[in-house]
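**Student:** Pasting a predicted model and its sequence here:
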Amino acid sequence: MLKMETVTKAYNHRGSTVTVLSDLSVEIPRGDFVSIVGPSGSGKSTLLLMLGGMLSPSSGRILLDGDSLYHLDSNQRASLRRDKIGFVFQTFNLVPYLSALENVQVPLFLGGMNEPDQMERAAGLLERLGLGDRLGHKPSELSVGQQQRVALARMLANDPSVILADEPTGSLDPETSAQAIGFLEQVNREGRTVVMVTHDPQVAGRALRTFRLDSGRITYERLGRGFVSVA
Amino acid sequence: MAAIPGLTPEQPRETLVRTRVIDNLSDREALVGADVGVFLGLKPHDTVSVMGKSFTVAAVLPQTGTVDDSRVFAHLHTVQQLAKKGAVINVIEIVGCCDQISKGLAPKINGLLPEAKVVTIAQVVDTQIKTNRMMSNLSMVFLAVIVLVGGASIANYMYGNVHERRREIGTLMALGAGSGFVLRMFLLKALLLGIAGGAAEYVLGTALAVVLGPKLAGIRVLPMPTLMIWAMVISVITAVVASYFPARRATRVDPCSTLQEV
């Protein structure tokens, strides 16, 4: 389970304090699919970074499966990310000089898996995403949709229980976007928790719950169709 | 034993190396050192051409183990004419025993030849040793400067590389890479750069020395494999040390940079 307990994040900017998140408390149970929407600067990225153990809060706690992320040191948080969290980025962040297969191998390599097993698992994931014939291709030799599928395969490499997706459809055409979100639904049905930041209301509507962030606070939570105010 | 032309009959050839006394030597006669004799296949009474003038070999001198073995000796006036330098004497070598030198031989000669610079072999050797030492120290200073400049260049390149790859580093961190992994990644790169640089330095430096040594310094240079080990060691240490701080900076890359487009 992912849990934020009265989390506040504030920056000092030229002598004045900017509060990005304010007393935020959220519980995301295992197997949930949450989308986070809101205007630019509302704190969506900050929220995702904090859930991923990459940005410490000014106050409050963030817990993953009962462990307070920011009571761990940076290397322990890196290990936890490697074992439990899968990331998808808006611009995919594939390593340009590695092939599709090698990109998917990266988390497996970091996890200490031996090379034959890495290759077997990475190839299996890419085949699952329909890229079995593109294993040796570099990102520059793949279409945008194919690059996103490599990123999705990499996301699943270490069999994470939590998926954090940053605008996963932001760079895709509608058809490829539908495929990507369908894949996230699929991995969610496998029991993984998915937290997705998006600007697209249609994409957000595919999640089980939608949080709307405004000025660092959750103003609405949508369950099914209508919006329910929680503020 | 046959008499040597130009020499007094009672003076055998072998005594030349010991006595170094030649009373008569005609302007067409020459004495050749042992090495010259072997190299040119010369015997007494053979003819040898030096600077366009033919000389009859008066004697091939016995081996002395000194530079005299590779010299040809002729009458002073003949040499001065051939050299076209006028009535000039560059060097007079005087053999004297140690006790004679300590008794003031050099100042006495200087008194006789006030315009000449009189130095003993010990002074010449001492000067040569000092020159060699100075050249060696100068080489070390050059080496230190080259290592410093090279190290600064590598550090600058590595800082640039870390900056250029910060997004990739951030991605790796987001995927679970710890700071130790990132540090090792950059130091490994420095190690490989050092090995490649060391090998290239050795090959290029040796090739230049072999080609330019005879042209610029008049000496034949042969490849020295042991220098490859030195080149590798210095290059690897320089690359790794110079890359340490850039690599540490890489470990502090903010992984948030991977999500900045949100």
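**Tutor:** Right, received. Where do you want to start? Numbering: from 1, shown residues only, chains lettered A, B, ... in the order given.

**Student:** OK, now which residue of chain B is nearest to chain A?
**Tutor:** Using Cβ to the nearest Cβ, residue B:176 is the residue of chain B that sits closest to chain A, at 2.3 Å. In short, each C-beta sits where N, CA and C put it, glycine included.

**Student:** Please name the nearest non-neighbouring residue to that residue.
**Tutor:** In this structure, residue B:176 finds its nearest non-sequential neighbour in residue A:82, 2.3 Å apart by Cβ to Cβ, 6 or more residues apart in numbering or on different chains.

**Student:** Enumerate every residue touching the one you found.
**Tutor:** Going by Cβ atoms under 8 Å, 6 or more residues apart in numbering or on different chains, residue A:82 touches A:107, A:110-111, A:158, B:175-177.

**Student:** Looking at these, state which has the most neighbours.
**Tutor:** In terms of neighbour count, residue A:107 stands highest of the contacts of residue A:82 at 29 neighbours, by other Cβ atoms under 10 Å in any protein chain shown.

**Student:** what about it, which helix or strand?
**Tutor:** For residue A:107, the element it lies in under DSSP states H and E is helix A:100-110.

**Student:** That helix vs chain B: in contact?
**Tutor:** Yes: judged by Cβ under 8 Å from any Cβ of the partner chain, helix A:100-110 and chain B are in contact via A:106-107, A:110.

**Student:** out of all of them, which helix in the chain is the longest?
**Tutor:** Just so you know, I chose chain A. Across chain A, the longest stretch assigned as helix under DSSP state H is helix A:174-189.

**Student:** Sorry, I should have been clearer: chain B.
**Tutor:** Ranking each helix of chain B by length (DSSP H) puts helix B:121-164 first.

**Student:** before we move on, back to that, walk me through which strands the next helix-or-strand element following the longest helix of chain A pairs with, and which way each runs.
**Tutor:** Next helix or strand after helix A:174-189 toward the C-terminus (DSSP H and E): strand A:193-197. Applying DSSP bridges, strand A:193-197 is found paired with strand A:33-37 (parallel), strand A:162-166 (parallel).

**Student:** could you give me the average pLDDT of the first one?
**Tutor:** Okay, so that is strand A:33-37. In this model, strand A:33-37 carries a mean pLDDT of 93.

**Student:** what's the answer for stretch A:208-221, then?
**Tutor:** In this model, stretch A:208-221 has a mean pLDDT of 88.

**Student:** next helix or strand past the helix holding residue A:107?
**Tutor:** Per DSSP H and E, the first helix or strand lying C-terminal to helix A:100-110 is helix A:115-128.

**Student:** Assign the closest residue to chain B within chain A to helix, strand or coil.
**Tutor:** Going by Cβ to the nearest Cβ, chain B is nearest to residue A:82 of chain A, at 2.3 Å. With DSSP: H, G, I helix; E, B strand; the rest coil as the basis, residue A:82 sits in helix.

**Student:** can you check residue B:173 too?
**Tutor:** Following three-state DSSP, residue B:173 is assigned to helix.

**Student:** which residues sit in contact with it?
**Tutor:** A:54, A:78, B:182, B:253, B:255, B:258.

**Student:** any idea which of those is closest to residue A:202?
**Tutor:** Closest to residue A:202 out of the contacts of residue B:173 is residue B:258 (25.6 Å), distances taken as Cβ to Cβ.

**Student:** Just the local confidence number for the closest one, please.
**Tutor:** 64.

**Student:** what does residue B:98 give?
**Tutor:** Residue B:98 is assigned a pLDDT of 67 by the prediction.

**Student:** now residue B:10
**Tutor:** Reading off the model, residue B:10 has pLDDT 52.

**Student:** Kindly report the same for residue B:16.
**Tutor:** Residue B:16 carries a pLDDT score of 60 in this model.

**Student:** helices and strands around the longest helix of chain A, which ones?
**Tutor:** Helix A:174-189 makes packing contacts with strand A:33-37, helix A:144-156, strand A:162-166, strand A:193-197 when contacts are defined by 3 or more Cβ pairs under 8 Å, 6 or more residues apart in numbering or on different chains; DSSP states H and E.

**Student:** And it, how far out from the chain middle?
**Tutor:** Computed by Cα atoms, centre = their mean, to the nearest Å, the chain-centroid distance of helix A:174-189 equals 14 Å.

**Student:** In space, what's closest to residue B:42 - neighbours in sequence excluded?
**Tutor:** Spatial nearest neighbour of residue B:42, excluding adjacent residues (Cβ to Cβ, 6+ apart): residue B:57 at 5.1 Å.

**Student:** With only the CA atoms kept, save the helix or strand hosting the one you found in PDB.
**Tutor:** Applying DSSP H and E as the criterion places residue B:57 in strand B:53-60. Below are the C-alpha coordinates for strand B:53-60, written out as PDB (Å, rounded to 0.1, in the frame of the first residue of the first chain):
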ATOM      1  CA  LYS B  53      91.600  14.500 -50.000                       C
ATOM      2  CA  SER B  54      93.400  11.100 -50.300                       C
ATOM      3  CA  PHE B  55      95.500   9.900 -47.400                       C
ATOM      4  CA  THR B  56      97.800   6.900 -47.000                       C
ATOM      5  CA  VAL B  57      97.100   5.000 -43.900                       C
ATOM      6  CA  ALA B  58     100.300   5.200 -41.800                       C
ATOM      7  CA  ALA B  59      98.900   2.900 -39.100                       C
ATOM      8  CA  VAL B  60      95.700   1.500 -37.800                       C
END
